[in-house]
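A.B. asks: Provided below for reference: sequence and predicted model.
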2 protein chains.
Amino acid sequence: MREFILYSRNGVTSSGFSIEDLPGSGGRMDLVCRCIISALWISDTLRENTRIYVSLNGPPTPPVSLLFDGYKLKKISPDERNVAIWIKKALEYSDIAADIWTETHDGIYISKLDFEALLDEVDGTNIYVLDERGENIREVEFGMTPVFVLGDNMGLPKDIRDLLEDRFGKKISVGPKSYFSSQTVTLVHNELDRRIER
Amino acid sequence: MREFILYSRNGVTSSGFSIEDLPGSGGRMDLVCRCIISALWISDTLRENTRIYVSLNGPPTPPVSLLFDGYKLKKISPDERNVAIWIKKALEYSDIAADIWTETHDGIYISKLDFEALLDEVDGTNIYVLDERGENIREVEFGMTPVFVLGDNMGLPKDIRDLLEDRFGKKISVGPKSYFSSQTVTLVHNELDRRIER
């Protein structure tokens, strides 16, 4: 089992955004979609062993969290527009979302959990924080259910970084360049694919 | 310098496709867009040392080739919809495209060159073909201007594979899974990023 948590600073928290303008009206929802695609699909097959949580912290009513579960997902095609449509449908439930998960479609869930609460949902002893200054991922030993935390194009805010430090999140790096969040997800998956199946 | 050539079996060759339906009406133009994004951007910066050629072989008038040059590209944002809009604009020139390149926007070119002619455009002594059964990329020594050839979701057709064999294309693999073409591009870049800058 592999889990990702994406912290999106400006990802909007209502369904009012435009599918025709994901970067602007969605608060870089294009980036969120690409991360979900990288996390859950390889060559049109779902990665059933993977989940991705998205912590949305943009207007109008942050926080909202989404969960896409590769094991349960159905009928979703891996292109930005299609994934965005499903996010939009999920966000129609943001008014009634609570501190427990509401399933809005097979394998898609919404809640009002904040980022810290997401850390309580996962295996807190196996947290890896994607950071350009972290240890080379190729040298890192992973636990059985690793959780990978990454930020959006603006990176993780200081309070979130401090929180991850308190939780003993280990900083790891996927390479000498500053990659897109979705590219980072791909590089993490590939490294794990090359080891014993998790 | 790094170059990619994407062979798209069904990518349409006129501008008549719908931005709202890139997978269907565009002949998996969503995949083409994601490959271009993976090839030319990292974290909102252009990879100025990279070019990607796309060989479109779908209806109505194949072949058409596109070239996106990271060194010259301007004013394009790296999301599927935006890249698709620029492809559509380029394909408006498909009727007048010829065996030489026509620049349709800064860093975007169109021609009637077929896949084989694209191989004549690049450094033919440094061709690497992405193939699941190829040599592990982490073990491969690359020349100074490597050219990476990859297929779309349907893989490379037999005649193209034969052609690449005739040209001494070396088969390389990015890992033990079958990845999206765009994920493959990311994995190739990362491996080169980790070596001496090319």
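C.D. replies: Thanks, I have the structure now.

A.B. asks: If you count neighbours, what's buried in stretch A:65-82?
C.D. replies: Buried residues in stretch A:65-82, counted by 16 or more other Cβ atoms under 10 Å in any protein chain shown: A:65-70, A:72-73, A:76, A:78-82. All C-beta spots, glycine's among them, are computed from the backbone N, C-alpha and C.

A.B. asks: taking those residues as a set, which two sit the farthest apart in space?
C.D. replies: Taking Cβ to Cβ as the measure, the buried residues of stretch A:65-82 span a maximum distance of 23.2 Å, between A:Ser65 and A:Asp79.

A.B. asks: Adjacent strands (with direction) for the longest strand anywhere in chain A?
C.D. replies: Secondary structure assigned by DSSP state E gives strand A:127-136 as the longest strand of chain A. As defined by DSSP bridges, the strand partners of strand A:127-136 come to strand A:147-151 (parallel), strand A:170-173 (parallel).

A.B. asks: Report the mean per-residue pLDDT for that strand.
C.D. replies: Over the span of strand A:127-136, the pLDDT mean works out to 96.

A.B. asks: try stretch A:189-198
C.D. replies: 84.

A.B. asks: Pull the residues that contact stretch A:112-125.
C.D. replies: Residues outside stretch A:112-125 that contact it (Cβ atoms under 8 Å, 6 or more residues apart in numbering or on different chains): A:3, A:5, A:7, A:53, A:55, A:57, A:63-65, A:97-99, A:127, A:143, A:145-147, A:160, A:163-164, A:167-168.

A.B. asks: before we move on, the earlier item: mind putting the strands paired with strand A:127-136 in CSV, mean neighbour count included?
C.D. replies: Below are the strands paired with strand A:127-136 laid out as CSV (neighbours: other Cβ atoms under 10 Å in any protein chain shown):
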stretch, mean neighbour count
strand A:147-151, 24
strand A:170-173, 18
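
A.B. asks: need those in JSON lines with distance to A:Lys112 and mean pLDDT, can you?
C.D. replies: As requested, these are exported to JSON lines (distance: least, Cβ to Cβ, whole Å; pLDDT from 0 to 100):
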{"stretch": "strand A:147-151", "distance to A:Lys112": "20", "mean pLDDT": "97"}
{"stretch": "strand A:170-173", "distance to A:Lys112": "28", "mean pLDDT": "97"}
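
A.B. asks: Tell me the strands beside the helix or strand hosting A:Ile5, with direction?
C.D. replies: In this assignment (DSSP states H and E), A:Ile5 forms part of strand A:2-8. Strand pairing for strand A:2-8, using DSSP bridges, gives strand A:50-56 (parallel), strand A:147-151 (parallel).

A.B. asks: Redo the ones you listed as CSV? Include distance to B:Ile137.
C.D. replies: Converted to CSV, those look like this (distance: least, Cβ to Cβ, whole Å):
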stretch, distance to B:Ile137
strand A:50-56, 23
strand A:147-151, 22
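
A.B. asks: looking at these, which is closest to B:Ser14?
C.D. replies: The nearest among these, by Cβ to Cβ, is strand A:50-56 at 36.6 Å.

A.B. asks: mind exporting that closest one as CSV, just the C-alpha atoms?
C.D. replies: Taking Å, rounded to 0.1, in the frame of the first residue of the first chain, the C-alpha atoms of strand A:50-56 are listed here in CSV:
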residue,chain,number,x,y,z
THR,A,50,-2.5,3.5,-4.0
ARG,A,51,-4.6,6.2,-2.4
ILE,A,52,-4.1,10.0,-2.8
TYR,A,53,-5.4,12.5,-0.3
VAL,A,54,-5.7,16.2,-1.4
SER,A,55,-5.9,18.9,1.2
LEU,A,56,-7.6,21.9,-0.4
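
A.B. asks: Cheers, nothing more for now.
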